[in-house]
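Trainee: could you look at this predicted model? Sequence included:
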There are 2 protein chains.
Amino acid sequence: MTPTLAEIATAAGVSIATVSRVISGNGHPVKDETRERILSLAASMGYEPNLIARGLRKQQTCMIGVIVDRISSPFAAATVQGLQDSLKLEGYSTSMVNANREADTVFEAIKDFNRRRVDGIILLNSWLHPYNDMVLSALERKPFVLINRIIEEVRYKCVAPGDQLGAQMAITHLANLGHRRIGYINGVADWLEAQNRLAGYKNVVSERRLDDDPALVQQGDWGVESGYEATRALLELDSPPTAIFASNDLMALGVIYAVQDAGLQVPEDMAVVGYDDRDFAHWVRPSLTTICMPSYEMGQAATTLLLNQIAENSDPIDATHIPGQLIVRQSCGALMAG
Amino acid sequence: MTPTLAEIATAAGVSIATVSRVISGNGHPVKDETRERILSLAASMGYEPNLIARGLRKQQTCMIGVIVDRISSPFAAATVQGLQDSLKLEGYSTSMVNANREADTVFEAIKDFNRRRVDGIILLNSWLHPYNDMVLSALERKPFVLINRIIEEVRYKCVAPGDQLGAQMAITHLANLGHRRIGYINGVADWLEAQNRLAGYKNVVSERRLDDDPALVQQGDWGVESGYEATRALLELDSPPTAIFASNDLMALGVIYAVQDAGLQVPEDMAVVGYDDRDFAHWVRPSLTTICMPSYEMGQAATTLLLNQIAENSDPIDATHIPGQLIVRQSCGALMAG
DNA sequence: GTGAAAGCGCTAACAT
DNA sequence: ATGTTAGCGCTTTCAC
C-alpha cells in the first residue's frame, strides 16, 4: 500500500539512511538537492511513515493513553478537548477509552496501554477509590496523571477543580448582592466535591459575617429531588434564607421548582446559584447563575504535568487546583432591571 | 522494565520460538510441562507482550480508530460504548479521538490512524458533507464505517438511525391516543434527520387518514426558541392541533413553554412528543415522551460492518437503518389517570 | 515438540 | 553528506 523507506530509497537512488534522515527530520545534514528529491518522491508515492516500526525502534510511541471514567459526563468532553489540544501541540497523539465507571475496565485499559507501550497515561475522574493501590501499582513506573482525583502520595501528579474557591465565588457574589442569609444545599457528604464546596461556603459566611445558622445548611444527594426537598425545609424555617446556593446544578433545578411551587418567584423572592454550568443551566427558566468547571484548563494542566514527568523534569510542579468561573444569569437576580 | 521473550526463554532454558508459541497462543503444539513452566515464569516476571513489536511483525495492530465528531454530543457516549464493547469482544482495542466538529481535525486523525496502521476506522457522525471525496480518498483502501452519515456510494459501510420509522412510532402513538390533528415541527430542512422524520410523519398522516393540513407543519431550526415560535403559530390557527410532535427534544421544550405561556396545560390541552431522549427529557415538567436514539445498537452494528470488511466477507450486509424506541412519559397524556 | 534464523520498517551509531 | 549495518521484540517458516 504505502511505500517503505527502502522503496523510496531505491526510487531516489540513495540509501535508506538518507531517506530516513529526511523523513524523520532529525536535523542530520542532507544536501538540499537530495532532500527535495526525496521529499517530492515521498509525496508522489503517497508515503506515510510507519509509526509502529518507528515506535519499536525508538522505544517511544508518542502516544498518550487517556482513560475517561464516563465519557457522557458533562465535564469529560471539555477536559478531553483540553488534553488533546495541548498534547497534539507537543507532538503526542491520544488514545482514549471510556471506562464506563467499571473498575475492571480501568485495569484492562491500563494493561492494554502498557502493552501498546504508550508514553504516559491520564486517568480522568476515574472511579478508583477502593482500588487506589491496585491502580497505582498497575501504572507502575509509567508517567501518569490523575484528573479530578487527588491521592496524597502522588499529589503532584493530580489535577482537580478549585471547588472551595468556586463556592467562595458564588457566596461572595450573593453577599455582594446584599444577601445576608444564604441557604446551602450540600451534595453527598463523603464526596470531596461536597466537602470542598461546603468549606468555601463556610469561609465566606465567616469572613463576611453572614448569618451563620446551622439550619441554613441542608443535606442533598446531588439529585433534583433532593434539592426540592431541601428547599422546602429551608422555606419552612422561621426565618427562611433570601438566597440559596445549591452545590450542583441539578439540585439548583430542584430549588427553582420548589420555590415556584411555593408560589414564589426566582430571583425576586429567592436568589439561586448552582454549580457546574450544565447545559440546561441556560435553558431553564429562569436561567441559572452557576460556577463553570475549569474542565478545559484541567486538561491543559494535566498535559503539563505529564510531559514534565516524561521529560523527567525533576521539580514536581503543584498544579493541583484549577479555579473555575462565575457565570451570571437570571436566577441570582444580578441582571434584574433596576 | 517488563521482560522480553528472549529473557523468558533464557530463564526457562528454551528457545524464543517456544516462548512465543506459548505466549501468543497460536495453537502450535507445545509440551504441557514446558507450557506450564513458561506461563508461570512469564507471570512471575511480570511479562506484558509488546504489541508494537507484534504489530510490526504481523502487519496488523488489532486496533480500531474511532473519530467522534463531538464527544459531548448527547448520543456519542452510548454509541462509543456500543463500539468499544463489541470490538473488545472480538479482540480489538479502540483508539478514540474527538474531532470537535473541525474537518481539519478529522483529516489529521485519519492520517494519524493510517500512520499508526490501525486495522480499521470508524467515523461517528462526522461533519464531512463538503469533504466527502477528500475523506473517502484519505480512507483509501482501509476498512471503514460511517455512523450517522450515509454516503450512497458506500451505503453498505454506513449505519444510521431509523428516523423515519421513529417519527412513525411517535405519530402512531398520538393517533392511538385519539389525536386526529397533529402539528409537526421540522428541524433544519436540509438535514437528513429532518427529512426522514418529516417523511415518517407524512406516512402515518396519510395511512391513518389524519388531518392533512399543510399549516400543521411548521419549520424550526432544532433550537428551543424555534419550537416556541412554531407553537405560537400553531396555536393561532383557526383550528389548532391537539397534539404536537417536535422533531427533537429541544424544540419540544419550546413547545411546552409556549403552551404554558398561552395559559394551557401539557398534556391536558396539548399532547407533546419529542425526539432524541435527551437527558433533560425526564427532568422537564411535564416529563417528555420522546423517541430514544438507537445509539448503543448503532455502535454494535458498525462493529459488525467493519469486521466484515476486515475479514473480507464478500457479502456486504446492509445494516443501514437501526430502529429507535418510543419512551412514554407524561407529555403525551398516555399516563394520565382515567 | 523444539530450535535457528529471517525479517516486519525504521533509526542511529559508526564508517567513509 | 552519504552509506553500511545492527537491532528494537516479535512471529513464522523451515529444519530436525
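Mentor: On my side now, so go ahead.
Trainee: going forward, measure contacts and count neighbours with C-alpha atoms only.
Mentor: Noted.
Trainee: so how far is A:C62 from the residue of the stretch 101-250 of chain A at minimum distance from DNA strand C?
Mentor: Going by C-alpha to the nearest atom of the strand, DNA strand C is nearest to A:R117 of the stretch 101-250 of chain A, at 14.4 Å. Per C-alpha to C-alpha, to the nearest Å, A:R117 is found 9 Å from A:C62.
Trainee: spell out the secondary structure type for A:A160.
Mentor: strand (DSSP: H, G, I helix; E, B strand; the rest coil).
Trainee: against chain B, how distant is the closest residue to it other than its chain neighbours?
Mentor: For A:A160, ignoring the flanking residues on the chain, the nearest one in space by C-alpha to C-alpha, 6 or more residues apart in numbering or on different chains is A:N148 at 4.3 Å. Separation of A:N148 from chain B (C-alpha to the nearest C-alpha, to the nearest Å): 18 Å.
Trainee: repeat that for A:I110.
Mentor: With C-alpha to the nearest C-alpha as the criterion, A:I110 and chain B are 12 Å apart.
Trainee: quick one: buried residues of the helix or strand harbouring that residue?
Mentor: Using DSSP states H and E, A:I110 maps to helix A:103-115. Within helix A:103-115, the residues that qualify as buried are A:A103, A:T105, A:V106, A:F107, A:A109, A:I110, A:D112, A:F113, A:N114, A:R115, counting by 16 or more other C-alpha atoms under 10 Å in any protein chain shown.
Trainee: in JSON lines: these, plus pLDDT and distance to DNA strand D.
Mentor: Formatted as JSON lines, these follow (pLDDT from 0 to 100; distance: C-alpha to the nearest atom of the strand, whole Å):
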{"residue": "A:A103", "pLDDT": "84", "distance to DNA strand D": "26"}
{"residue": "A:T105", "pLDDT": "88", "distance to DNA strand D": "23"}
{"residue": "A:V106", "pLDDT": "89", "distance to DNA strand D": "22"}
{"residue": "A:F107", "pLDDT": "88", "distance to DNA strand D": "20"}
{"residue": "A:A109", "pLDDT": "93", "distance to DNA strand D": "18"}
{"residue": "A:I110", "pLDDT": "93", "distance to DNA strand D": "17"}
{"residue": "A:D112", "pLDDT": "95", "distance to DNA strand D": "13"}
{"residue": "A:F113", "pLDDT": "96", "distance to DNA strand D": "14"}
{"residue": "A:N114", "pLDDT": "95", "distance to DNA strand D": "12"}
{"residue": "A:R115", "pLDDT": "96", "distance to DNA strand D": "9"}
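Trainee: quick revisit: and the residue nearest to A:A160, how many residues sit next to it?
Mentor: 21 (other C-alpha atoms under 10 Å in any protein chain shown).
Trainee: from B:N186, how far out is it?
Mentor: To B:N186, A:N148 is 41 Å away according to C-alpha to C-alpha.
Trainee: swap in A:R329?
Mentor: 30 Å.
Trainee: quick one: which of these two has more around it?
Mentor: B:N186 (25 against 19).
Trainee: is stretch A:284-302 positioned near chain B?
Mentor: No - judged by C-alpha under 8 Å from any C-alpha of the partner chain, stretch A:284-302 makes no contact with chain B; its nearest approach is 8.9 Å.
Trainee: end-to-end on that stretch?
Mentor: Start-to-end, stretch A:284-302 (C-alpha to C-alpha) is 33 Å.
Trainee: distance from it to the middle of the chain?
Mentor: Stretch A:284-302 has its C-alpha centroid displaced from the chain centroid by 10 Å (C-alpha atoms, centre = their mean, to the nearest Å).
Trainee: buried stuff in that stretch?
Mentor: A:286-302.
Trainee: please enumerate residues in contact with stretch A:302-314?
Mentor: Residues from elsewhere that reach stretch A:302-314, judged by C-alpha atoms under 8 Å, 6 or more residues apart in numbering or on different chains: A:83, A:86-87, A:119-120, A:122, A:143-147, A:156-159, A:316-317, A:319.
Trainee: tell me which element the spatially closest residue to A:A53 that is not a sequence neighbour falls in.
Mentor: In space, and not counting its chain neighbours, A:A53 is closest to B:L56: 6.0 Å by C-alpha to C-alpha, 6+ apart. Assessed by DSSP H and E, B:L56 sits inside helix B:51-58.
Trainee: pull the CA atoms of that helix into CSV?
Mentor: Provided in CSV are the C-alpha atoms of helix B:51-58 (Å, rounded to 0.1, in the frame of the first residue of the first chain):
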residue,chain,number,x,y,z
LEU,B,51,2.1,-5.0,21.0
ILE,B,52,4.2,-2.6,19.0
ALA,B,53,6.6,-5.4,18.0
ARG,B,54,3.9,-7.8,17.4
GLY,B,55,2.1,-5.3,15.2
LEU,B,56,5.1,-4.7,13.1
ARG,B,57,5.7,-8.4,12.6
LYS,B,58,2.1,-9.4,12.0
